[in-house]
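K.L.:
Sequence first, predicted model second:
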Amino acid sequence: MDVSQGLENFPVTVWPPLEQPPAFQYSPDHVTGEGGGPDPTEISFNGCSCHSSSCLASMCSCLRYGENYNNSCINCEGNEFDFSKPIFECNTMCQCGELCQNRVIQRGLQFRLEVFKTAKKGWGVRTLEFISKGRFVCEYAGEVLNFREACRRIQLQTLSDSNYIIAIKEHLCNGQIMETFVDPTYVGNVGRFLNHSCDPNLFMVPVRIDSMVPKLALFASRDICANEELLYDYSGRYHNYMPEKDQEKLQQVEKSKKPCYCGAKMCIGFLPYDSCLFYKDDLRSCTAEPL
C-alpha cells in the first residue's frame, strides 16, 4: 500500500501491510481550509532574474539573507543550525534552472519513508534509509486555517480525538507576529503521522517559495539511521509547558493534557498544546505557540 497514492517521488509504505491508517485525503502540499484561510497556492513573489543553472547569494534576490543550503543540507554555523534568518527558495517566476541549489523543499520527498504502527503512540513514521544531518525529510502539509477556524476545530475535539492542528508563530523584525495554522486531519501528507519527542531527530523551519504562506519543512537535526522513527518536538522545541497563571484559569486545558510516551531522558511527561486555542472568549487575548 502506498499512503501517498503515487503523489510523492517514492511510495510511502505501510507496516504491518494488512493494517491501514485512518482514511484521509493525501496532498503533498498545503490546501486552503474552510473558514476563509489564506490561499497557499497563490503566486505573489517576484522571481529572480538569474539566468544560470544555480543562484549565488551575491546576485540572487531570493538569497538576500544569504545561502540557505549547502549540498541540499540546510546551512549551519559551526555545529548549530541558524534560525535567525527567514528562508526563501527560488520560485515559479524565477529565471534560474530547476537544479538550482536554492530549490530543495519544492522537490518533494528525497527518502523512502514508511508509516508504521507503534506500541503506544498509534501510527508513526520511520525512514527506510540513512538520512544525514541537515537534509530535508518531509513537509507538514494540510489545510491552512485562519485563527478562528483553528479555534473552532480544536474546541470541538473530545479527549479521545487526535489533534493534528499545528500553530507556528514567527516574530518579525518590526515587532509583529505572523501566525500560521495548519490542520492535516482531513487533508494532509505523510507528516501528519509524525510523533512527538522531547529529544527529537527532526526540527521544523518555515520555508517560503511562491507566497508568504510558509511550507513547514522538517530537517534532520542529526544523522538518522535506517529504520529509525522520525520525531519532532510539537512545541517548537522549547515550549512544552504551560504557565502557572494559565493552569489556574483553564481547567479545560488541564483536563486535555495527554501523556507523552517518547521515552526521552528529559521527557516532560505530556504532549505540548497551544493553550490559546482553548479560549472560548476573547480569542485574541493570548498569543499562539506551536502545538
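P.N.:
Received it, and whenever you're ready, just let me know what you need.
K.L.:
So residue 50 versus residue 18, what's the distance?
P.N.:
With distances taken as CB to CB, to the nearest Å, residue 50 is found 50 Å from residue 18. Using the backbone N, CA and C atoms, a C-beta is placed for each residue, glycine as well.
K.L.:
Residue 173 now?
P.N.:
Distance from residue 173 to residue 18, counting by CB to CB: 53 Å.
K.L.:
show me where the stretch 51-200 of the chain has helices.
P.N.:
For the stretch 51-200 of the chain, the helices defined by DSSP state H, counting those that start in this stretch occupy 147-155.
K.L.:
In this structure residue 97 contacts residue 55, no?
P.N.:
No: the criterion here is CB atoms under 8 Å, and residue 97 misses it with residue 55 at 9.1 Å.
K.L.:
which ones are touching the spatially most distant residue from the centre of the chain?
P.N.:
Each residue of the chain has a distance to the centre, and by CA atoms, centre = their mean the biggest one is for residue 51: 31.7 Å. Listed by CB atoms under 8 Å, 6 or more residues apart in numbering, the contact set of residue 51 reads 95-96.
K.L.:
Tell me the confidence at it?
P.N.:
Residue 51 carries a pLDDT value of 91.
K.L.:
How about residue 281?
P.N.:
47.
K.L.:
just residue 77 next, same as before
P.N.:
For residue 77, pLDDT reads 72.
K.L.:
separation between it and residue 172?
P.N.:
Applying CB to CB to residue 77 and residue 172 gives a distance of 22 Å.
K.L.:
again, but for residue 258
P.N.:
For residue 258, the distance to residue 172 - CB to CB - is 32 Å.
K.L.:
out of those two, which sits in the more crowded spot?
P.N.:
residue 258 (13 against 9; other CB atoms under 10 Å).
K.L.:
what's the pLDDT at the more buried one?
P.N.:
On the pLDDT scale, residue 258 gets 82.
K.L.:
Residue 37 now?
P.N.:
So, for residue 37, pLDDT stands at 77.
K.L.:
For it, which three-state class applies?
P.N.:
coil (DSSP: H, G, I helix; E, B strand; the rest coil).
K.L.:
show me what contacts the residue nearest to residue 118 when sequence neighbours are not counted?
P.N.:
Once flanking residues are discounted, residue 118 sits nearest to residue 124: 4.6 Å by CB to CB, 6 or more residues apart in numbering. Contacts for residue 124 (CB under 8 Å, 6+ apart) come out as 115-118, 193-195, 229-231.
K.L.:
Repeat that for residue 209.
P.N.:
45, 88-92, 105-106, 215.
K.L.:
following the helix or strand where residue 204 lies, which helix or strand comes up?
P.N.:
Using DSSP states H and E, residue 204 maps to strand 202-208. Using DSSP H and E, the helix or strand that directly follows strand 202-208 along the chain is strand 215-220.
K.L.:
which residues are contacting that next one?
P.N.:
30, 74, 81, 105, 131-141, 166, 168, 180, 182, 191, 194, 201-209, 230, 232.
K.L.:
which parts of stretch 205-214 are buried?
P.N.:
205-211, 213-214 (16 or more other CB atoms under 10 Å).
K.L.:
likewise stretch 66-80?
P.N.:
68-69, 73-74.
K.L.:
Most widely separated two among the residues you listed?
P.N.:
68 and 73 (10.0 Å; CB to CB).
K.L.:
Correct me if wrong: residue 188 contacts residue 26.
P.N.:
Yes: with contacts counted by CB under 8 Å, residue 188 reaches residue 26, the gap being 7.4 Å.
K.L.:
Looking at the two, which is more packed in?
P.N.:
residue 188 (24 against 19).
K.L.:
Run through the residues that contact the more buried one.
P.N.:
Residue 188 touches 24-27, 140-143, 164, counting by CB under 8 Å, 6+ apart.
K.L.:
Quick check: of these, which has the highest neighbour count?
P.N.:
residue 142 (29 neighbours).
K.L.:
Could you measure from that residue over to residue 112?
P.N.:
22 Å.
K.L.:
Now the phi/psi pair for residue 31, please.
P.N.:
phi -130, psi 160 (degrees, to the nearest 10).
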